[in-house]
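A.B. asks: just coords:
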């Protein structure tokens, strides 16, 4: 059985408002579900959903955050990013490609110039953000 790092959540800030905590928990679990579906469904990206879940759990439940990060199947998808080691190149290409595909389709459907401008600006900024993230090198 491979050993996993035990990332402690004691330094993570949890949300004080009960309603916000439950909202973050719900978004976190929905993101976990979508991330798991994305493992099997090629159209749905896995890593962004698991990162969103980890962020939601970090603010709402240290226990669920630790569970997700240390999970034997789901943890490796996000551990390298959270550890500062980067995002796999395949995940970067996949996320940027699907984003531009969906933004392009949305721009085709939405006739409002200001909405198209907003969507395209958002896509450019997210692309720059993802591209500037450290790329995880394959281990040999």
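C.D. replies: Looks like it arrived, so ask away. Computed from a predicted model, the values in this text were never measured in an experiment. Residues are numbered from 1 along each chain as shown.
A.B. asks: what's the pLDDT at the residue sitting nearest the centre point of the chain?
C.D. replies: Among the residues of the chain, the one closest to the centroid is residue 48, at 2.3 Å (CA atoms, centre = their mean). On pLDDT, residue 48 comes in at 82.
A.B. asks: with residue 111 instead?
C.D. replies: 90.
A.B. asks: residue 106 now?
C.D. replies: 90.
A.B. asks: can you get me a residue count around residue 130?
C.D. replies: By other CB atoms under 10 Å, the residues close to residue 130 number 16. Quick note: C-beta positions are derived from backbone N, CA and C, even for glycine.
A.B. asks: tell me how far the strand or helix carrying it lies from the chain's centre.
C.D. replies: Element membership for residue 130 (DSSP states H and E) is helix 113-132. How far helix 113-132 lies from its chain's middle: 17 Å, per CA atoms, centre = their mean, to the nearest Å.
A.B. asks: can you check stretch 17-34 too?
C.D. replies: Relative to its parent chain, stretch 17-34 has a centroid offset of 14 Å by CA atoms, centre = their mean.
A.B. asks: can you pull the buried residues of that stretch?
C.D. replies: By 16 or more other CB atoms under 10 Å, the buried positions in stretch 17-34 come out as 21, 24-25, 27-28, 31-32, 34.
A.B. asks: what of stretch 72-83?
C.D. replies: 74-75, 77-82.
A.B. asks: now distance to residue 118 too, for those residues, in TSV please.
C.D. replies: Shown next, in TSV, are these (distance: CB to CB, whole Å):
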residue	distance to residue 118
74	33
75	35
77	30
78	29
79	34
80	32
81	27
82	30
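A.B. asks: which of those fall in helices?
C.D. replies: Using DSSP state H, 75, 77-82 are the members of those that sit in helices.
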